[in-house]
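S.K.: Need the 3D shape of this:
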Amino acid sequence: MKLLTKNNLLKIIHYIKKYSYLLGIFIFILILTKVNFNQLWQNIKGMKPLYLITALALGFPTLIIKSFCWNYIKRQQGMKYKLKDSFLMYASSLFISGFTPGRIGEVARAFYLKKDGYSMGKSLVGVIIDRLTDFIFLLVVIVVGSLFFITIFQKQITILILVIIITIVLSMVFLKIGLVKWFFKTLFNKFIPEQYQKSWKLSFQDFMNDLKIYKLKNYIIIFAITIFSWLFYYIQTYALGKGANIEGIPFLYFTVAITITGFITLIPISVAGIGTREAALILLFSPYAISIEKIIAFSSLILLMYLFSCLFGLICWLIKPIRI
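M.R.: The predicted model follows:
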C-alpha cells in the first residue's frame, strides 16, 4: 500500500475543492425528496404579485445607496466620479460576479478606476473597505440577533457567539499591537486570486498608503450608509417572503435568519447557494412551522432576484463596458 504523500494529499484537496459544489446539489436533491410538488405548485400559483413587484423595485434604491457609499469612499482618495458612473460600475460588477469564476467580480470595479489611470492597489482600497464594512455589519447583526435563537438552538448559538467574539477580539488585538499592515496584507492576498496578482501588477504599498487617509469619522459615515443600504435589502427580502406567503415571522427574527443564511451560502459547497440556502431556511424557520414547499418557493424567489440583478448588471455593463 502506498503511503499518503504530500503530492497525493494535495491532489485529494484539489479534487475536493473542484467538486465541492456537488454537495449543495446533493443537499437540494435530498430536500426535494420531502417536497409535495402539487403543494409546491399551489404555493407558486398563490404568490402575491404586489409584494413581488415591491421587492423588485426595492433593489434599485439598495443599489443606489451602495453606489453612493463607494463614491464617498473614493472621494476621500481624491477620485471624483459622478454618482451615475459609480452606479453603472457597481451594477456591472454584479453581472461580472455572476458569470466569472473565483472572486474576479468583486474587484471588477477596481478595473474601471485602473482604466482611468489609478494604480490597482489604490483602486482596490474602496472595494475592500466596502466589502469589509458589509462583513462587519453582518457579524454584528448575527451576534446581536442570536439572542432570538438562544432558547431555540441554545448549544449551536452559544458556540457561534463564542467563535464570533473570539474572532472580533483577536482582530482588535492585531490592530492594537501594530499588526495592521499584516492584517490588511493577509486580507489583500485572500481577496485577490493569487494567479492574478502578478498580471494585474498590484501595489500593496499603494493600497496601504491610501488606507491611511481614512479617519474614524470616515469609517462612521461609511458604516452608517452601509446600515441604511442593508435596511433596504432586508425590507426587500421580507417583501419576497410575504409574496411567497410566509407569514407569522417577526421582522427582526426574519432579518437575522436571512443574515445567517447569507453567511452559510458563502461556503463554497454549492452553486449560487442552491441546497445550502434551503437547508438553512428550513432549520431557522422551523419554530414557525413554515412548510418546505413555501421555503422552496421563497428560496427560488431569492435566486431569481439575484439573477435579475445580474441581468440588470449586464445592461449597465453594455452601457459602460470594461475588459478584465
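S.K.: From here on, just use CA atoms for contacts and neighbour counts.
M.R.: OK.
S.K.: Show me what the helix or strand containing Phe312 is packed up against.
M.R.: When elements are assigned from DSSP states H and E, Phe312 belongs to helix 292-319. Counting contacts by 3 or more Cα pairs under 8 Å, 6 or more residues apart in numbering; DSSP states H and E, helix 292-319 is packed against helix 37-45, helix 83-98, helix 216-243, helix 276-285.
S.K.: pLDDT below threshold where in the stretch 101-250 of the chain?
M.R.: 101-106, 146-208 (pLDDT under 70).
S.K.: Recalculate using a threshold of 50.
M.R.: 102, 174-178, 199 (pLDDT under 50).
S.K.: now Phe87: how far from Ile64?
M.R.: Applying Cα to Cα, to the nearest Å, the value for Phe87 to Ile64 is 6 Å.
S.K.: more neighbours, these two?
M.R.: Phe87 (22 against 19; other Cα atoms under 10 Å).
S.K.: Show the backbone phi and psi for the closest residue to the more buried one other than its chain neighbours.
M.R.: Leaving aside its sequence neighbours, Phe87 sits nearest to Ser67 (Cα to Cα, 6 or more residues apart in numbering; 5.1 Å). Note on Ser67: backbone dihedrals following degrees, to the nearest 10 are phi -70, psi -40.
S.K.: give me every residue that touches Ser67.
M.R.: Contact analysis of Ser67 by Cα atoms under 8 Å, 6 or more residues apart in numbering lists Leu83, Ser86, Phe87, Tyr90.
S.K.: before we move on, what about Ile295?
M.R.: Counting by Cα under 8 Å, 6+ apart, Ile295 has contacts Ile246, Glu278, Leu281, Ile282.
S.K.: Could you work out the most separated pair of those residues?
M.R.: Distance extremes for the contacts of Ile295: the farthest pair is Ile246 and Glu278 at 14.1 Å, using Cα to Cα.
S.K.: of the two, who's got more company?
M.R.: Taking other Cα under 10 Å, Ile246 and Glu278 do not tie; Glu278 has more neighbours (24 against 21).
S.K.: Next one: that one from Tyr253, what distance?
M.R.: For Glu278, the distance to Tyr253 (Cα to Cα) stands at 17 Å.
S.K.: now Gly275
M.R.: 22 Å.
S.K.: out of these two, which sits in the busier spot?
M.R.: Taking neighbours as other Cα under 10 Å, Gly275 and Tyr253 compare with Gly275 leading, 26 against 17.
S.K.: these two touch, right, the more buried one and Leu32?
M.R.: No. Applying Cα atoms under 8 Å, one finds Gly275 not in contact with Leu32, separated by 9.7 Å.
S.K.: The helices and strands packed on helix 292-319: which one's closest to Met305?
M.R.: Closest among the helices and strands packed on helix 292-319, using Cα to Cα: helix 216-243, at 9.2 Å.
S.K.: What are the buried residues along that closest one?
M.R.: 222-223, 225-227, 229-230, 232-243 (16 or more other Cα atoms under 10 Å).
S.K.: Count the neighbours of Thr276 for me.
M.R.: Around Thr276 there are 26 residues (other Cα under 10 Å).
S.K.: Would you confirm that it contacts Leu30?
M.R.: No. With contacts counted by Cα under 8 Å, Thr276 stays clear of Leu30, the gap being 11.4 Å.
S.K.: hmm, who's touching the helix or strand that contains Gly24?
M.R.: Secondary structure from DSSP H and E places Gly24 in helix 21-32. Helix 21-32 has contacts (Cα under 8 Å, 6+ apart) with Pro268, Ile269, Ser270, Val271, Gly273, Ile274, Gly275, Thr276, Glu278, Ala279.
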